[in-house]
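Undergrad: Dropping a prediction and its sequence here:
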Amino acid sequence: MMNLRILILCLFAILSYASGQFLWCYRCVGTHPGCNEPFDWRWYWSYTCPSWSDKCVKIIEKKGVDTVITRDCLSNLISTRRDIPGDTYEGCRAASEDVKLAQYTFNDIRELDIKRTHFDNTTWCFCSFDHFCNSAKSTGPFFITFFALMFTARLLA
């Protein structure tokens, strides 16, 4: 009976610890309803970021009075975006410029925007301390799980 209690406690501890390892973010583009400001969270499911060291990202791109906001995990945007700032710590930063972007491409079609010059201002906002922070609710720190584990152990004893 004692081994069963220890097994249940260990299983509970592993599941509690594993469930809090990934960050939850919203994923949408400003052309979708409710994704621009003000953000309407009722339209969107939250997604678990695939990497343990991931960050939620909110990209604000402006062209005159038009604004397009993109919300996603940083690991999903790394493969497609070349203007990610070097500093991805908490906060907002201007997009970096890639001088080698479209260097050997000779294209006469302006609408393709291969040099990514359509938007006048691009700002990247990063956050990783709270779940859903690219919209802000946390599932709770590890010590709450620890106290729940100790309470369960006391009940089983």
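TA: Thanks, I have the structure now. Numbers count the residues shown, from 1 in each chain.
Undergrad: Show me the contact partners of stretch 34-49.
TA: 22-30, 32-33, 55-56, 67-69, 71, 73-76, 131-132, 135 (CB atoms under 8 Å, 6 or more residues apart in numbering). (Glycine included, C-beta is placed from N, CA and C.)
Undergrad: Same check on stretch 119-139?
TA: In contact with stretch 119-139 (CB under 8 Å, 6+ apart) are residues 19-20, 23-26, 39, 41, 46, 54-64, 68, 71-72, 74, 83-85, 88-95.
Undergrad: circling back: which of the contacts of stretch 34-49 fall in strands?
TA: The strands, defined by DSSP state E, take in 24, 25, 26, 28, 29, 56, 67, 68, 69, 71, 73 from the contacts of stretch 34-49.
Undergrad: Quick one: residues contacting the first one.
TA: Same thing as residue 24. So, once contact is read as CB under 8 Å, 6+ apart, residue 24 ends up touching 46, 47, 48, 49, 131, 132, 139.
Undergrad: In ChimeraX, select just the buried ones from those.
TA: Buried subset of the contacts of residue 24, written as a ChimeraX selection, criterion 16 or more other CB atoms under 10 Å:
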select :46,47,49,131,132
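Undergrad: Between the contacts of residue 24, which has the least confident prediction?
TA: Taken together, the contacts of residue 24 show their lowest pLDDT at residue 139, with 38.
Undergrad: circling back to that earlier point, ok, of the contacts of stretch 119-139, which come out buried?
TA: 20, 23-26, 39, 46, 54-61, 68, 71-72, 74, 83-85, 93, 95.
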